[in-house]
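J.: I'll drop the sequence and a predicted model, then ask my questions.
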Amino acid sequence: MPIELPTPAAGLHQLTLDGLALHGWSQQNLFLSDELTLALADECRVEAAEGALAFAAVGRGAAQAVRADIRGDRILWLEAGRSDACDRYLAIMESLRLALNREFFLGLDSYESHFALYAPGAAYHKHLDRFQDDDLRTVSVVIYLNPDWRLEQGGALRLHPLDAPVNDIAPMGSRLVLFLSADMPHEVLPATRDRLSLAGWFRRRPH
């Protein structure tokens, strides 16, 4: 089966890169096709129903712990070959990795990603995606899998840009949000229904 890329892939990626260059973050509302968004959402729901998603921890090493009062999502890390939909998604992100490197010379050499499911009321308090003792995560990505989301259902991603007002982004299906991992504090606000997404990080090569 041919690999599915955003249409037109080059133009969509360039819009994403332009937003990152101008603001330190970027939003694209139709990054994935409706068909691929639904396939990934269905896979996430099936895995959740089978108990494959685990509550995410905060911290690293000996300090790592599940703290539902800080972070309430359940996650499942993706690997190539787990499903056709995931392989198509990972191929799209590989093309974005190459575009980011061409534009910004970031030295990104890998991408890691997981499903994330926030049950009603679950949230993630304000944080940065880069650990103090590990600076390899360079660009953060969220892609939403909620095609019928309504604004009144909540669940926004709240960005806290430096020297700019906060920006709430609703988790509409097929929408991508991308930002620099070290520079963008952000949080996930609670919702009134299950909120599905793919969270990912482009990682640079170690020095």
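T.: Okay, I see it.
J.: so what's the spatially most central residue of the chain closest to, chain neighbours aside?
T.: Centroid check for the chain by CA atoms, centre = their mean gives residue 142 as the closest residue, at 1.9 Å. Ranked by CB to CB, 6 or more residues apart in numbering and with sequence neighbours excluded, the top spatial neighbour of residue 142 is residue 177, at 4.8 Å. C-beta coordinates here come from the backbone N, C-alpha and C atoms, glycine included.
J.: Report the beta-bridge partners for the one you found.
T.: residue 27, residue 142 (DSSP bridges).
J.: Hmm, it is touching residue 169, no?
T.: Yes. Between residue 177 and residue 169 there is a contact under CB atoms under 8 Å: 5.6 Å.
J.: Just list the residues touching residue 122, thanks.
T.: By CB atoms under 8 Å, 6 or more residues apart in numbering, the residues touching residue 122 are 68, 72-73, 190-191, 195.
J.: Any chance of these in a markdown table with neighbour count and pLDDT as columns?
T.: As requested, these are exported to a markdown table (neighbours: other CB atoms under 10 Å; pLDDT from 0 to 100):
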| residue | neighbour count | pLDDT |
| --- | --- | --- |
| 68 | 12 | 76 |
| 72 | 20 | 90 |
| 73 | 21 | 94 |
| 190 | 16 | 97 |
| 191 | 21 | 97 |
| 195 | 27 | 98 |
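J.: In JSON lines: the residues you listed, plus distance to residue 184 and secondary structure.
T.: As requested, those are exported to JSON lines (distance: CB to CB, whole Å; DSSP: H, G, I helix; E, B strand; the rest coil):
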{"residue": "68", "distance to residue 184": "24", "secondary structure": "coil"}
{"residue": "72", "distance to residue 184": "20", "secondary structure": "coil"}
{"residue": "73", "distance to residue 184": "18", "secondary structure": "coil"}
{"residue": "190", "distance to residue 184": "20", "secondary structure": "coil"}
{"residue": "191", "distance to residue 184": "21", "secondary structure": "strand"}
{"residue": "195", "distance to residue 184": "20", "secondary structure": "strand"}
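J.: tell me which of these is nearest to residue 104?
T.: When those are compared for distance to residue 104 (CB to CB), residue 73 wins out at 28.7 Å.
J.: just the strands in the chain please.
T.: 25-28, 54-55, 74-77, 108-118, 124-127, 137-144, 157-159, 167-169, 176-180, 186-188, 195-204 (DSSP state E).
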